[in-house]
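model this:
(chains A and B)
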Amino acid sequence: GENVEQHPSTLSVQEGDSAVIKCTYSDSASNYFPWYKQELGKRPQLIIDIRSNVGEKKDQRIAVTLNKTAKHFSLHITETQPEDSAVYFCAASKTGAGGTSYGKLTFGQGTILTVHP
Amino acid sequence: KAGVTQTPRYLIKTRGQQVTLSCSPISGHRSVSWYQQTPGQGLQFLFEYFSETQRNKGNFPGRFSGRQFSNSRSEMNVSTLELGDSALYLCASSLVASYSDVFFGPGTRLTVL
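Residues are numbered from 1 along each chain as shown, chains lettered A, B, ... in the order given. Prediction:
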């Protein structure tokens, strides 16, 4: 089955710096790659996602890149703020695969991001 | 539009008991998935249901089961509870459509004593 590796496990930055989290996946058939932010005691919240037919996607201070050949994708957060502090999870999915899967995500291990004021 | 809801939010059980957790998806979402979150294993997929049928299953023992009703609401059941079943159980819903976003509920915190 699919395996997703995420690095680093912890990341500490100063406010205003950039943060980059990297993930690799094993199943070349995976076609959808969402990123979730989970604050302490709260549910994972979808912050951005990318499809396999797109190389890069940006939403304000957050961007995601995908390299299908190398099977890795990355989350970039610019101008970090203390409220960006949370655990970030990458995930991979074979969404719509033959009409058999829409909500099955394989998650990375998570990255604890701390932004110091 | 209301988000994914789960009940109860907290549960305390003892070893050997069974438990049933409930999930109501976002209106219009027909796919419901369940995940187990623990500090050691992270977020792990349990199973996915749509059209009242289990479509995918993760690598969990048969003590973990679920079902989906005609209104897309779902329940999961864990029988013969073990200490290691203590976890946050998250329900997620999505449209039955390619590239559909998956939204999570607040979770049920299960503690097994």
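
need the contact list for A:Thr80.
A:13-19, A:61, A:113, A:115 (Cβ atoms under 8 Å, 6 or more residues apart in numbering or on different chains). C-beta: built from backbone N, CA, C; applies to glycine.

so what touches stretch B:71-79?
Residues contacting stretch B:71-79 (Cβ under 8 Å, 6+ apart): B:18-25, B:29-30, B:32, B:34, B:46-47, B:49-50, B:63-69, B:85, B:89, B:91, B:93, B:110.

stretch A:61-75 too?
With Cβ under 8 Å, 6+ apart as the criterion, stretch A:61-75 contacts A:20-26, A:28, A:33, A:35, A:47-50, A:52, A:54-58, A:76-80, A:88, A:90.

so what's the closest residue to A:Asp84 other than its chain neighbours bridging to?
By the measure of Cβ to Cβ, 6 or more residues apart in numbering or on different chains, the closest residue to A:Asp84 outside its immediate chain neighbours is A:Val115, 5.1 Å from it. Applying DSSP bridges to A:Val115 gives these bridge partners: A:Val13.

still on that earlier bit, for PyMOL, write a command that selects the buried ones of the contacts of A:Thr80.
Applied in PyMOL, the following selects the buried portion of the contacts of A:Thr80 according to 16 or more other Cβ atoms under 10 Å in any protein chain shown:
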select buried, chain A and resi 13+19+113+115
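
restricted to helices, list the contacts of A:Thr80.
Among these, no member falls in helices (DSSP state H).

now the contacts of A:Thr80 in CSV, with pLDDT?
Formatted as CSV, these follow (pLDDT from 0 to 100):
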residue, pLDDT
A:Val13, 98
A:Gln14, 98
A:Glu15, 98
A:Gly16, 98
A:Asp17, 98
A:Ser18, 98
A:Ala19, 98
A:Arg61, 97
A:Leu113, 98
A:Val115, 98
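
nearest to A:Phe107, of the contacts of A:Thr80?
A:Leu113 (15.9 Å; Cβ to Cβ).

what about the closest residue in space to that closest one that isn't next to it in sequence, neighbour count?
Nearest in space to A:Leu113, with sequence neighbours left out and distances taken as Cβ to Cβ, 6+ apart, is A:Leu11 at 5.0 Å. A:Leu11: 17 surrounding residues under other Cβ atoms under 10 Å in any protein chain shown.

what sits against A:Leu11?
Contacts of A:Leu11 by Cβ under 8 Å, 6+ apart are A:19, A:21, A:111-114.

for chain B, what helix or strand is lowest in average pLDDT?
strand B:53-57 (a mean of 93; mean pLDDT, DSSP states H and E).

buried residues in that strand?
B:55-56.

what is it packed up against?
strand B:42-50 (3 or more Cβ pairs under 8 Å, 6 or more residues apart in numbering or on different chains; DSSP states H and E).

could you redo the last one with a cut-off of 10 Å?
strand B:31-38, strand B:42-50, strand B:64-68 (3 or more Cβ pairs under 10 Å, 6 or more residues apart in numbering or on different chains; DSSP states H and E).
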